[in-house]
Every structure is written in structure tokens, then in C-alpha cells.
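[1] Predicted structure and sequence below. I'll ask about it afterward.
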Amino acid sequence: MTAPKKPQTVNLGALSELGEFYLKSNELPEERQSRLKREEAEAAHKLRMQEADESHKRQLALIVHGFALCFLLAAFVAGICVLFTADAKSGLPEKAMAMVGGIALVLASYVAGSKSK
């Protein structure tokens, strides 16, 4: 096996003593300007699309959360109504109390979970 070659160093500061260097390209200045405009337009379009997607996702999440909370609220109100209007001998108030307690626990855990994000 041969030992790896030691990398050579180039003093870039010494190159400035030789003169000025320019990068040359095969494309014309008009072509370069057109390409840069197109790339800027594509980047702006991509950014707008990402913002629209994020906005749509936030809107969808808000709608789903609102629907779920409305559903839980309806069940909670129904449980409270059953708790106060049903006959105690029927056993419904105990079931309603368990349902109301469960819904309250779900809402409390949801609020606690959303605050931890």
C-alpha cells in the first residue's frame, strides 16, 4: 500500500497579484437575466404555494377541532339535562353523571395537551 499523498495548498492571496479573474459563461447576458427572472418567479410561486398549503392545513385543523368540541358540548349539555330532569329511581342520573365526568376529563386532557405543544 502506498501512503496517501499530502494535499497541496494554494495561496489564493497570491493569485490577486497576477491580475483580475472573471468567470466566463457560455450563456449570453440576456439568457442569464431571463434564467434568473424565471428562477425568482418559480421560487416566489413555490413560497406562495407552501403558505397556501399551511393556511389550508390550519383551517382544516380548526374546523375539525370546532366540530369535535361542538359534539362534546352537545353530549355534555344532554348529560346535564338528563342529570337534572330524569327520575332518580331510573338510574339515569348516575349514568349521566359518569358521562358528564368523562366528557369533562376529555376536555381537560385536550386543553392540557394543546398547551404542551
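    That came in fine, so what should we check first? Numbers count the residues shown, from 1 in each chain.
[2] Enumerate every residue touching A43.
    With C-beta atoms under 8 Å, 6 or more residues apart in numbering as the criterion, no residue contacts A43. (Each C-beta comes from the backbone N, C-alpha and C, glycine too.)
[3] Which of the helices or strands spans it?
    In the assignment (DSSP states H and E), A43 maps to helix 29-85.
[4] pLDDT of that helix, averaged?
    For helix 29-85, mean pLDDT rounds to 90.
[5] Name the next helix or strand downstream of it, please.
    Taking DSSP H and E, what comes next after helix 29-85 is helix 92-115.
[6] The most centrally placed residue in the chain and R48, how far apart?
    Geometric centre of the chain, nearest residue: E54, 6.3 Å, by C-alpha atoms, centre = their mean. In this view, E54 and R48 are 11 Å apart by C-beta to C-beta, to the nearest Å.
[7] Neighbours of G66, how many?
    10 (other C-beta atoms under 10 Å).
[8] Next up, the contacts around I80.
    Residues in contact with I80, defined by C-beta under 8 Å, 6+ apart, are 96, 100.
[9] ok, it to A74 distance?
    Counting by C-beta to C-beta, the gap from I80 to A74 is 11 Å.
[10] Then Y110?
    Going from Y110 to A74 by C-beta to C-beta gives 16 Å.
[11] Which one's more surrounded, these two?
    Neighbours were counted for Y110 and for A74 using other C-beta under 10 Å; Y110 has more, 14 against 11.
[12] From F67, how far out is G79?
    Computed as C-beta to C-beta, the G79 to F67 distance reads 19 Å.
[13] of the two, who's got more company?
    The neighbour count for G79 versus F67, taken as other C-beta under 10 Å, is higher for G79 (22 against 10).
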